[in-house]
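*Asks:* just coords:
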């Protein structure tokens, strides 16, 4: 993650940027002008600021409402970047399993700010559209674990990490992993919710996720549907 403050283990180390700011601005600007949606992998306030600078320049030169440019991962964004994401209509594509698997390591590496590695509550309150995903194979494709972690902010050690205000409700996390993900891909007209005319993109769970303890969500079983004759 490219961060302004420097890492706890080495304050002179600020992370890495794959593209120079002007190079990223050129890439996003050309894609935006061609009518494409971009997804920029960015972790840390410095990296996310550079990505938002590029999106802002692209919109200034060729305004496109509802472009839905995405910030993939969007960890450690900082309050100023969250406000800019809302203003620019950028989508945060976040992976709660990273919080579950690596959250304590991030907090140790970054310092106190790392405890709120994935500030889903702040993003939502600011009006930023949120999609949840797995980032497989970096983390297992386990939606129920992701939803549970977004709600409990519990790590693999069992500890609750960070401000409880950064949690989502179960209903909000389910929406982010379904219709939110569909909107992030501009496919909400076809998938992401159970509605007439959409693809039958659904599973049946053995218990109601809205009525069980959020810590029990990873243990819910996906029921096998009986075969239906054509």
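*Replies:* Sure thing, it's come through. Predicted model only: the values in this text are computed from it and were never measured. Residues are numbered from 1 along each chain as shown.
*Asks:* now for the helix or strand of the chain with the lowest mean pLDDT, which elements pack on it?
*Replies:* Every helix and strand in the chain was compared by mean pLDDT, DSSP states H and E; the lowest is helix 96-110, with a mean of 95. Identification of packing neighbours for helix 96-110 by 3 or more C-beta pairs under 8 Å, 6 or more residues apart in numbering; DSSP states H and E yields helix 143-152. Placement of C-beta: from N, CA and C, glycine included.
*Asks:* Now do the helix it packs on: which elements does it pack against?
*Replies:* For helix 143-152, the elements it packs on are helix 96-110, strand 129-132, helix 170-177, judged by 3+ C-beta pairs under 8 Å, 6+ apart.
*Asks:* nearest residue to residue 6 other than its sequence neighbours?
*Replies:* Among residues not flanking residue 6 along the chain, residue 14 sits closest, at 5.5 Å (C-beta to C-beta, 6 or more residues apart in numbering).
*Asks:* Show me the shaky parts of the protein.
*Replies:* Confidence mapping of the chain against pLDDT under 70 gives the ranges 224-230.
*Asks:* quick one: the helices in it?
*Replies:* With helices called from DSSP state H, the chain shows them at 21-33, 45-61, 79-88, 96-110, 120-126, 143-152, 170-177, 179-184.
*Asks:* List the buried residues for the first one?
*Replies:* Neighbour-count burial for helix 21-33, counted by 16 or more other C-beta atoms under 10 Å, picks out 24, 25, 28, 29, 31, 32.
*Asks:* so which of these comes closest to residue 50?
*Replies:* Nearest to residue 50, judged by C-beta to C-beta, of the buried residues of helix 21-33 is residue 24 at 6.0 Å.
*Asks:* right, and that closest one touches residue 40 too?
*Replies:* Yes: assessed by C-beta atoms under 8 Å, residue 24 is found in contact with residue 40 at 7.3 Å.
*Asks:* Identify the contacts common to those two.
*Replies:* When contacts are counted by C-beta atoms under 8 Å, 6 or more residues apart in numbering, the set common to residue 24 and residue 40 consists of 51, 54.
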